[in-house]
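> next comes the sequence, and after it the predicted model I'd like to discuss.
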Amino acid sequence: MHISAVALVVPDYDVALAFYVGLLGFDLRADTEMGGGKRWVLVAPQGGQTALLLARVSGPVQEAAIGAQTGGRVGFLLQTEDFAADHARMLAAGVIFEEEPRHESYGSVAVWRDPFGNRWDLLQMR
């Protein structure tokens, strides 16, 4: 078994696709109309096994969860094989990092946010 996808609440499918696919270069794995304005939208880093299910908000409770699904903690880890190159590429693309890269005993890491407020680690393990 493996985790195939993790739902990420977003305000708009196309805005999320512009960021994850257009800016970060994730693969679009599925974008299927489901009726009633809903879509099944899956994106994943190139070569990655686990995808993000981009779930457009439905109602005020879900709207309040945008960017806060993990209570302010880093909730998503984007692992790389070339931290320096990917950090530089993401900076050049306009990704906002909360900190300078850190080099910890387990690897190199820097916290960044997506446009919806979700906190991520860019991570290269040793």
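Looks like it arrived, so ask away.

> strands of the chain, start to end?
5-10, 27-35, 38-44, 51-56, 76-79, 96-97, 102-104, 107-113, 119-125 (DSSP state E).

> list the helices and strands the lengthiest helix in the chain packs on?
Longest helix in the chain by number of residues (criterion: DSSP state H): helix 83-92. In terms of contacts (3 or more Cβ pairs under 8 Å, 6 or more residues apart in numbering; DSSP states H and E), helix 83-92 is packed against strand 96-97, strand 107-113, strand 119-125. Where you see a C-beta, it was placed from the backbone N, CA and C, and this is true even at glycine.

> buried ones in the second one?
Residues of strand 107-113 classed as buried: Ser108, Val109, Ala110, Val111, Trp112 (neighbour count, 16 or more other Cβ atoms under 10 Å).

> from those residues, pick the one nearest Leu77.
Checking these against Leu77 by Cβ to Cβ gives Val109 as the nearest, at 8.8 Å.

> ok, now how distant is that closest one from Arg39?
Distance of Val109 to Arg39, given as Cβ to Cβ, to the nearest Å: 33 Å.

> in JSON lines, list the strands of the chain along with distance to Gln62 and mean pLDDT.
Shown next, in JSON lines, are the strands of the chain (distance: least, Cβ to Cβ, whole Å; pLDDT from 0 to 100):
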{"stretch": "strand 5-10", "distance to Gln62": "6", "mean pLDDT": "97"}
{"stretch": "strand 27-35", "distance to Gln62": "16", "mean pLDDT": "97"}
{"stretch": "strand 38-44", "distance to Gln62": "12", "mean pLDDT": "97"}
{"stretch": "strand 51-56", "distance to Gln62": "8", "mean pLDDT": "98"}
{"stretch": "strand 76-79", "distance to Gln62": "18", "mean pLDDT": "96"}
{"stretch": "strand 96-97", "distance to Gln62": "24", "mean pLDDT": "96"}
{"stretch": "strand 102-104", "distance to Gln62": "33", "mean pLDDT": "96"}
{"stretch": "strand 107-113", "distance to Gln62": "19", "mean pLDDT": "98"}
{"stretch": "strand 119-125", "distance to Gln62": "19", "mean pLDDT": "98"}
